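Colleague: Quick check, what structure comes out for this input:
(4 chains)
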There are 4 protein chains.
Amino acid sequence: MEYTTKAITVRYSETDQMHFVHHSNYLKYFELARLEWLSDLGISYAKMEREGILMPVVSVGVNYKKPLYFGDTFCVKVTLKQLPKATLDFEYLIVNQNDELICTGHIKLAFLSPQSQRPMRCPDFLAEKFN
Amino acid sequence: MEYTTKAITVRYSETDQMHFVHHSNYLKYFELARLEWLSDLGISYAKMEREGILMPVVSVGVNYKKPLYFGDTFCVKVTLKQLPKATLDFEYLIVNQNDELICTGHIKLAFLSPQSQRPMRCPDFLAEKFN
Amino acid sequence: MEYTTKAITVRYSETDQMHFVHHSNYLKYFELARLEWLSDLGISYAKMEREGILMPVVSVGVNYKKPLYFGDTFCVKVTLKQLPKATLDFEYLIVNQNDELICTGHIKLAFLSPQSQRPMRCPDFLAEKFN
Amino acid sequence: MEYTTKAITVRYSETDQMHFVHHSNYLKYFELARLEWLSDLGISYAKMEREGILMPVVSVGVNYKKPLYFGDTFCVKVTLKQLPKATLDFEYLIVNQNDELICTGHIKLAFLSPQSQRPMRCPDFLAEKFN
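Modeller: From the prediction side, this is the model:
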């Protein structure tokens, strides 16, 4: 399963003095993409959180190929690597307005249960959406 | 003269543990709005910078009325208060998806000349766009 | 009453492509200064929040005099303008390693009560610390 | 070779509504640590940049073990994995005030030459510092 975001424009405040987007901001773009996907599937992450289900990030990796500049427009393509179990494993691509590959990445999320704040399996309503 | 941005969705990373958007992010939304406006007027701020014209912020003020939450959608309305001279004076409103007023603000920008890095008058090509 | 922070070094990620600290980051420096002050007075803001007392920002204003650059070191001087009542009113100065005035600012905070999330007066334990 | 930063306090603005530090901020902590190390070795990264040498990030990876909370204090320990050649390869550990391991990570940086903006070998003055 995969999802591609709407086009997103780089904000001035996302650059640093090297004149590119700061490398930490790609993690924010990835996050934005997976939450937009959830929303598109009819899942409100805000509501999940209010019910006490947290999805902390367990690990990330990013390979930077080309920089993004202020004013560039890009899309994030998210892929779910396998059906969700104890973790959610996403892979990412960012592509700019000229179809150039900007970076690739992956992120693993866990689920924390509302009461115990301990790891739990992916809630059924979420697993079903991805099936 | 005024301009209203497209609808913008609050990103998760823009919240803090008070569960609202961090108050510093409104300045980034204001910036995004004025640069989107320039772009809409056919002015590339990136190109202006490459030619050496900088527009540093001289002063800002924000009045916060209601919080923005993760997942909220908002528009920024920018107004130019007077024709640009030595400074550009913008006023801002942010309104959420329910037409509630989130905050008001104002920002004054100066112009620095390419060579001397000293204040200069608004370049003609920019002043004309706002006339 | 007033408080001056320890020396703080500008982080690379706080700059933008104009080669200065992005103007929104000064609000983060101000916040850092008032929370360091509370901590110095023996007040844990984290604990206040866990007890449900929130202190949202009502208004801010900043006048930028000179830029801060990556690697600069600065102190924030915070002054409480009057004894806390329904709001806390702070004034700020930022001064760099050469004793140059970087900016001045002011911030007004309100208090939200734990149960109702409505405005309330400054809690006594906090007011006493500032007396 | 390795370096450990001074103790750093988590800033309020670095948290998100999950009540932890946002996972993207660890990349900023890593960056801060390697630049503090360079500075400690007598190398001004600001000066390197003015001379046109850029050190963009090629790849990153982070494994998150435990969250950092507002008010926590932590140190970043940086290790250079091998003598610098075409890239600089750093490994990181973050440890909190209770000596708990918060996360581990690694970052690979390249060198871009001033004129061509193309990859080049690590400049001699930098390689010598790490020998």
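
Colleague: so how far is A:E91 from the residue lying closest to A:A46 once chain neighbours are set aside?
Modeller: Excluding the flanking residues, the one nearest A:A46 by Cβ to Cβ, 6 or more residues apart in numbering or on different chains is B:G71, at 4.8 Å. Every residue, glycine included, has its C-beta placed from N, CA and C. Distance of B:G71 to A:E91, given as Cβ to Cβ, to the nearest Å: 24 Å.

Colleague: follow-up on the earlier one: is the residue nearest to A:A46 within a helix or a strand, and which one?
Modeller: Applying DSSP states H and E as the criterion places B:G71 outside every helix and strand.

Colleague: So it sits against A:M48, correct?
Modeller: No - at 11.2 Å, B:G71 does not count as touching A:M48 under the criterion of Cβ atoms under 8 Å.

Colleague: Show me what from chain A comes close to chain C.
Modeller: Within chain A, the positions near chain C by Cβ under 8 Å from any Cβ of the partner chain are A:Y12, A:S13, A:T15, A:D16, A:Q17, A:M18, A:H19, A:H22, A:S24, A:F70.

Colleague: quick one, what contacts the second one?
Modeller: Shown here is A:S13, whose contacts under the criterion Cβ atoms under 8 Å, 6 or more residues apart in numbering or on different chains are B:K28, B:E31, B:L32, C:D16, C:H22, C:S24.

Colleague: and the closest residue to the fourth one other than its chain neighbours, how many residues sit next to it?
Modeller: Distances taken as Cβ to Cβ, 6+ apart put C:H22 closest to C:D16, at 4.4 Å, once the chain neighbours are dropped. Here the count is done by other Cβ atoms under 10 Å in any protein chain shown, and C:H22 has 24 residues near it.

Colleague: how far away is C:H22 from A:L38?
Modeller: 30 Å.

Colleague: Could you count how many residues lie near A:I94?
Modeller: Using other Cβ under 10 Å: A:I94 sits among 26 other residues.

Colleague: Oops, could you answer that again for A:P114 instead?
Modeller: Neighbour count for A:P114, taken as other Cβ under 10 Å: 13.

Colleague: any idea how far it is from D:F74?
Modeller: Distance, A:P114 to D:F74, by Cβ to Cβ: 28 Å.

Colleague: got it, and A:L80?
Modeller: 33 Å.

Colleague: okay, those two: which has more neighbours?
Modeller: Neighbours were tallied for A:L80 and for D:F74 using other Cβ under 10 Å; the higher tally belongs to D:F74 (21 against 16).

Colleague: quick one: the strands in chain A?
Modeller: Using DSSP state E, the strands assigned to chain A run over residues A:2-4, A:8-9, A:57-64, A:73-80, A:87-96, A:101-110.

Colleague: Does A:Y92 touch A:L80 like I think?
Modeller: No - in this structure A:Y92 lies outside contact range of A:L80 using Cβ under 8 Å: 11.0 Å.

Colleague: returning to that earlier point: relative to chain D, how far out is the residue nearest to A:A46?
Modeller: Using Cβ to the nearest Cβ, to the nearest Å, we find B:G71 at a distance of 11 Å from chain D.

Colleague: Next, give phi and psi for that residue.
Modeller: Phi and psi for B:G71, reported as degrees, to the nearest 10, are phi 90, psi -20.

Colleague: Quick one: neighbours of it, just the number.
Modeller: That count, for B:G71 with other Cβ under 10 Å as the rule, works out to 17.

Colleague: residue contacts, it?
Modeller: Applying Cβ under 8 Å, 6+ apart to B:G71 gives the contacts A:S39, A:S44, A:Y45, A:A46, B:T9, B:V10.
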